[in-house]
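Peer 1: Structure, please.
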Amino acid sequence: MAHGDTQATEPLPDDMVPTAPAPAPRRRVWPWIVAFAIVAVLAVAAWFAADAIARQIVTGVVRDQVRTQLALPADQQIDVEVAGAMIPQLIGGSIDDLTIASDDVTFGGVTGDVTVTAHDVAVRATGEMSGATATVSFDEAQLQTLLATVEGFPSDTVGLAAPNVTMSLDLQLFGVAIPIGVALTPSAADGQIVLSPASFQLGDSEVTADALRDQFGGLADAVLRDWNICIAQYLPAGVTLSGVEVDGDLLVADFDVDGSIATDPALQQNGTCA
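Peer 2: Below you'll find the model as predicted:
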């Protein structure tokens, strides 16, 4: 071949030409995401449905037990509430907070609206709990019934004017009955509701205890005294009066409940006042 001649390049046969690899097929991710989302929604819905059924069963059992234990009428309205998700608490073996409420509950001849919140209540047959609190609320008519059990108390004159209970008592002076209005502040002591005189009304004027004693002498003791109402005698010994106040048009008594009351017969017997 002469210098400067260009050698022609022969093309490669077709079967020798390298080919680029075919692109891998792209997976479609979004159907899996949608499927997972649907399954998740169904699982959550099933969880809440199961939780609602469990809640309905538990509250129904509690409601029936309360009616039986307290001998309440079959048509007595009893509200039962369980805080938080039901199923995890059942699995754990106890209910964190169980609230039971009913109006016009009669105990020992006294009627009031009752709310009880129990803590760490065992779901098995032991009945154990860590403790509970309770409130009993009396409207004016219910309070009159309670105070009618106190000898010498003019229960038919009782009213509620926060923060006090009010009453009226007649003092005799020279054969004339003179009504004295008394505002009584409630407190709790030794299982008793104590009503202590806070102010006095003579006619249209507010007077002091000293003025009443000067005018009526020893007769004034009838309105200057404290009044003790033994509430413990109507309740189990495991229920302790912890406070009392007038809240609006109700007298509200607060109680602490011993957690062993469900298993200790002694705590289930009616209490006494000191």
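
Peer 1: what's near enough to touch Met129?
Peer 2: Counting by C-beta atoms under 8 Å, 6 or more residues apart in numbering, Met129 makes contact with 94, 118-122, 259, 262. Every residue, glycine included, has its C-beta placed from N, CA and C.

Peer 1: residues in contact with stretch 195-212?
Peer 2: Contacts for stretch 195-212 (C-beta under 8 Å, 6+ apart): 164-165, 178, 180-187, 220, 223-229.

Peer 1: one more time with 10 Å
Peer 2: 147, 150, 153, 158, 163-168, 171, 178-187, 214-216, 219-229, 244, 251 (C-beta atoms under 10 Å, 6 or more residues apart in numbering).

Peer 1: Please pick the buried ones from these.
Peer 2: 147, 153, 158, 164-167, 171, 180-186, 216, 219-220, 222-224, 227-229, 244, 251 (16 or more other C-beta atoms under 10 Å).

Peer 1: residue ranges for the strands of the stretch 51-200 of the chain, please.
Peer 2: In the stretch 51-200 of the chain, the strands defined using DSSP state E, counting those that start in this stretch lie at 79-82, 94-107, 110-122, 131-138, 159-161, 164-173, 176-189, 192-202.

Peer 1: ok, the residue nearest to Leu147 when sequence neighbours are not counted - contacts?
Peer 2: Distances taken as C-beta to C-beta, 6 or more residues apart in numbering place Ser155 nearest to Leu147, at 4.1 Å, with adjacent residues excluded. Applying C-beta under 10 Å, 6+ apart to Ser155 gives the contacts 143-149, 167.

Peer 1: which one of these is nearest Gln233?
Peer 2: Thr149 (9.3 Å; C-beta to C-beta).

Peer 1: you'd agree Ala54 is up against Gly84?
Peer 2: No - judged on C-beta atoms under 10 Å, Ala54 makes no contact with Gly84 at a distance of 12.0 Å.

Peer 1: So for Met129, what's the pLDDT?
Peer 2: Looking at Met129, its pLDDT is 85.

Peer 1: ok, now the one 3 residues further on?
Peer 2: Ala132 carries a pLDDT value of 92.

Peer 1: Which strand residues bridge it?
Peer 2: Ala118, Val257 (DSSP bridges).

Peer 1: Can you tell me which residue is spatially central in this structure?
Peer 2: By C-alpha atoms, centre = their mean, the chain has its centre lying nearest to Thr117, at 4.5 Å.

Peer 1: My guess is that one contacts Ile95. True?
Peer 2: No - using C-beta under 10 Å, Thr117 is not in contact with Ile95, being 11.0 Å away.

Peer 1: Now the common contact residues for those two.
Peer 2: With C-beta under 10 Å, 6+ apart as the test, Thr117 and Ile95 both reach Ala83.

Peer 1: Identify the residues contacting Arg67.
Peer 2: 73-76, 78, 102.

Peer 1: Distance check, it against Leu146.
Peer 2: 24 Å (C-beta to C-beta, to the nearest Å).
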